[in-house]
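**Q** Model the structure of this input:
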Amino acid sequence: MEQINRLLMQMEFIREIDKLKYIQRKTKLFNSDRHENDAEHSWHLAMMVMVLAEYANEPVNVLRVLKMVLIHDIVEIDAGDIFLYDTVQNHTNTDAELVAAQRIFGLLPEEQCKDFTELWMEFEEGESADAKFAKVIDRLEPVLQNISNNGGTWTEYNVSFEKVFQTLDKMKISSSVLYAHVEEIIATFREGQNV
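**A** Alright, predicted model coming up:
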């Protein structure tokens, strides 16, 4: 009976996170007019972690980083997605997101709820090598999308390159190689735009 209850809780969580597919982000798919959803974003980050982990400045536990990028936006089912460059709402909406994390992860059996919540909190705090690298990857994907879309949300929302680099500042601490690459592709893009 206990195993059945556990399974039912896990299935309820699995049904609930399907809602992530409906959370639209401001960024668009590579070379596309279609907005990305949170589930696509999380999947893409997971693939990027597997491919790019060798560029972390410090050794990282790839499995932990994968888990972080897969669960980091689940809270947006309740809290919504806040645009990174929003000038009204702070992107770090941790209070509403914590309430969302407690509700959604609370659907799971107790030890899984605890594990997911702790991992999500670690990502939010961004202090461990794993969390820092997960955040690098989370910042890198929209840069690549915006470059592929001729400026994408940067152009659409009149975001300055200075503002873009402010959001990427911590990237160099966690991955100097990826940061140098981002600097180079943004510089090339700016030259092409005569900015």
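
**Q** can you point me to the longest helix in this structure?
**A** For the chain, the helix reaching the highest residue count under DSSP state H is reported as helix 129-148.

**Q** Determine the set of other helices and strands touching that one.
**A** Using 3 or more C-beta pairs under 8 Å, 6 or more residues apart in numbering; DSSP states H and E, the elements in contact with helix 129-148 are strand 24-28, helix 38-52, helix 62-71, helix 110-125, helix 152-156, helix 161-168, helix 171-174, helix 176-193. In short, each C-beta sits where N, CA and C put it, glycine included.

**Q** out of these, which comes closest to I4?
**A** helix 110-125 (16.0 Å; C-beta to C-beta).

**Q** could you dump the longest helix of the chain to PDB, C-alpha only?
**A** Taking Å, rounded to 0.1, in the frame of the first residue of the first chain, the C-alpha atoms of helix 129-148 are listed here in PDB:
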ATOM      1  CA  ALA A 129      30.500  25.200  -8.500                       C
ATOM      2  CA  ASP A 130      27.600  23.100  -9.800                       C
ATOM      3  CA  ALA A 131      25.100  25.900  -9.400                       C
ATOM      4  CA  LYS A 132      27.400  28.500 -10.900                       C
ATOM      5  CA  PHE A 133      27.900  26.400 -14.000                       C
ATOM      6  CA  ALA A 134      24.100  25.700 -14.200                       C
ATOM      7  CA  LYS A 135      23.600  29.500 -14.200                       C
ATOM      8  CA  VAL A 136      26.200  30.000 -16.900                       C
ATOM      9  CA  ILE A 137      24.300  27.600 -19.200                       C
ATOM     10  CA  ASP A 138      21.000  29.200 -18.300                       C
ATOM     11  CA  ARG A 139      22.500  32.600 -19.400                       C
ATOM     12  CA  LEU A 140      24.200  31.200 -22.500                       C
ATOM     13  CA  GLU A 141      21.200  29.800 -24.300                       C
ATOM     14  CA  PRO A 142      19.300  33.100 -24.700                       C
ATOM     15  CA  VAL A 143      22.500  34.800 -26.000                       C
ATOM     16  CA  LEU A 144      22.800  32.200 -28.700                       C
ATOM     17  CA  GLN A 145      19.000  32.500 -29.500                       C
ATOM     18  CA  ASN A 146      19.200  36.200 -29.700                       C
ATOM     19  CA  ILE A 147      22.200  36.200 -31.900                       C
ATOM     20  CA  SER A 148      20.500  33.700 -34.200                       C
END
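
**Q** how about the helices and strands packed on helix 129-148 in TSV, adding distance to A100 and mean pLDDT?
**A** As requested, those are exported to TSV (distance: least, C-beta to C-beta, whole Å; pLDDT from 0 to 100):
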stretch	distance to A100	mean pLDDT
strand 24-28	17	92
helix 38-52	12	98
helix 62-71	12	98
helix 110-125	10	97
helix 152-156	24	91
helix 161-168	22	90
helix 171-174	26	92
helix 176-193	29	92
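
**Q** Switch the ones you listed over to JSON lines; also include mean neighbour count and distance to A131.
**A** Compiled in JSON lines, the helices and strands packed on helix 129-148 are given as follows (neighbours: other C-beta atoms under 10 Å; distance: least, C-beta to C-beta, whole Å):
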{"stretch": "strand 24-28", "mean neighbour count": "19", "distance to A131": "21"}
{"stretch": "helix 38-52", "mean neighbour count": "18", "distance to A131": "12"}
{"stretch": "helix 62-71", "mean neighbour count": "20", "distance to A131": "6"}
{"stretch": "helix 110-125", "mean neighbour count": "16", "distance to A131": "5"}
{"stretch": "helix 152-156", "mean neighbour count": "18", "distance to A131": "24"}
{"stretch": "helix 161-168", "mean neighbour count": "14", "distance to A131": "16"}
{"stretch": "helix 171-174", "mean neighbour count": "19", "distance to A131": "9"}
{"stretch": "helix 176-193", "mean neighbour count": "15", "distance to A131": "16"}
